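*Asks:* attaching a predicted model along with its sequence, questions to come.
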Amino acid sequence: MVQDKTIPSRLFDALNYTLLAVVGIVTLLPFVHVIAGSFTTSAEMAMKKFILIPTVFSLDAYRYIFSTSKIFVAMATSVGVATLGTAFSMLLTSLLGYALARRDLDGRRVLMFLVVFTMLFNGGLIPTFLVVREVGLIDTYAALVVPLAINAFNLIILKNFFQNIPEGLEESAKIDGCNDFGILFRIVLPLSLPAIATISLFYAVTYWNTYLPAILYINDAGKWPIQVLLRQIVILASGFEGDPSLDSEVPPPDQAVKMAVIVVATLPILLVYPFLQKHFAKGALLGSVKG
């Protein structure tokens, strides 16, 4: 039988709920402000520094953003890069993570040291650009994927998750005649869905937010992802010289456009997250406990 909570316990719970509610509201308010600001007019944005409910509802900012057909091309580019890039990264990360999770792998410690080393040191911006140029990836979509294909942090999380799978399952599969690839794709990966969902979300967010690689490696404006194009739209709406092809008859509402750009850039990932939320915490936790 559950005993009634004592008064100090109830006060502690009330304090916790109050504190969490305040933190939740403080966290939510900036999002509400950004969304409300994207649906208001420039005049109201100029008069009010903080808006939660727009007095005059306006779609001018979104009308301005979507007044160029390039926005749809850039959106398709970002969706394609995020989808194919995530699949490619998960394939490579799973293969390498499974290999490093095998305790009988020769040179396992050396390979693991090299992986961790890349988290602390890297070649730098210019050497990386020179490598990408020399292999012929400039002005190709592959330049947005290949340099980011394997993230060391994601690899370590997935490797640790694979190590939590009982070795008896792999031994039973080998007795049944299954090879290493069969064990990985038929047993290990289906049992690792929480980690797969978590790492996939990490990679998807990385590819969706691709900005600097696109600035460095993509010279053709027709191949820009959504983040770079939205930057150009903000520059043009702010009165600075931007891409001439983005000129529109719709007057640019400066501050509202900036708010709308944030919404457009963030909304797709926010729509994906709820489908992976149930796996997210479990995958990140289990993959970080055992080394």
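*Replies:* Right, received. Where do you want to start? Numbering: from 1, shown residues only.

*Asks:* pLDDT value on the residue nearest the centre of the chain, please?
*Replies:* Nearest to the mean C-alpha position of the chain, by Cα atoms, centre = their mean, lies residue 205 at 1.0 Å. At residue 205, the model reports a pLDDT of 87.

*Asks:* so the nearest residue to it once chain neighbours are set aside: helix, strand or coil?
*Replies:* Distances taken as Cβ to Cβ, 6 or more residues apart in numbering place residue 269 nearest to residue 205, at 5.8 Å, with adjacent residues excluded. In this view, the C-beta of every residue, glycine as well, is placed from N, C-alpha and C. Secondary structure, DSSP: H, G, I helix; E, B strand; the rest coil: residue 269 is helix.

*Asks:* ok, residue 269 touching residue 204?
*Replies:* Yes. Judged on Cβ atoms under 8 Å, residue 269 makes contact with residue 204 at a distance of 7.1 Å.

*Asks:* quick one, which of these two is more surrounded?
*Replies:* With neighbours defined as other Cβ atoms under 10 Å, residue 269 and residue 204 compare such that residue 204 has more, 22 against 14.

*Asks:* ramachandran angles for the nearest residue to the more buried one once chain neighbours are set aside?
*Replies:* In space, residue 204 comes closest to residue 86 once its chain neighbours are excluded; the distance is 4.8 Å by Cβ to Cβ, 6+ apart. Dihedral angles of residue 86 (phi, psi; degrees, to the nearest 10) stand at phi -60, psi -40.

*Asks:* now residue 86: how far from residue 97?
*Replies:* Computed as Cβ to Cβ, to the nearest Å, the residue 86 to residue 97 distance reads 15 Å.

*Asks:* give me the more crowded residue out of these two.
*Replies:* residue 97 (28 against 21).
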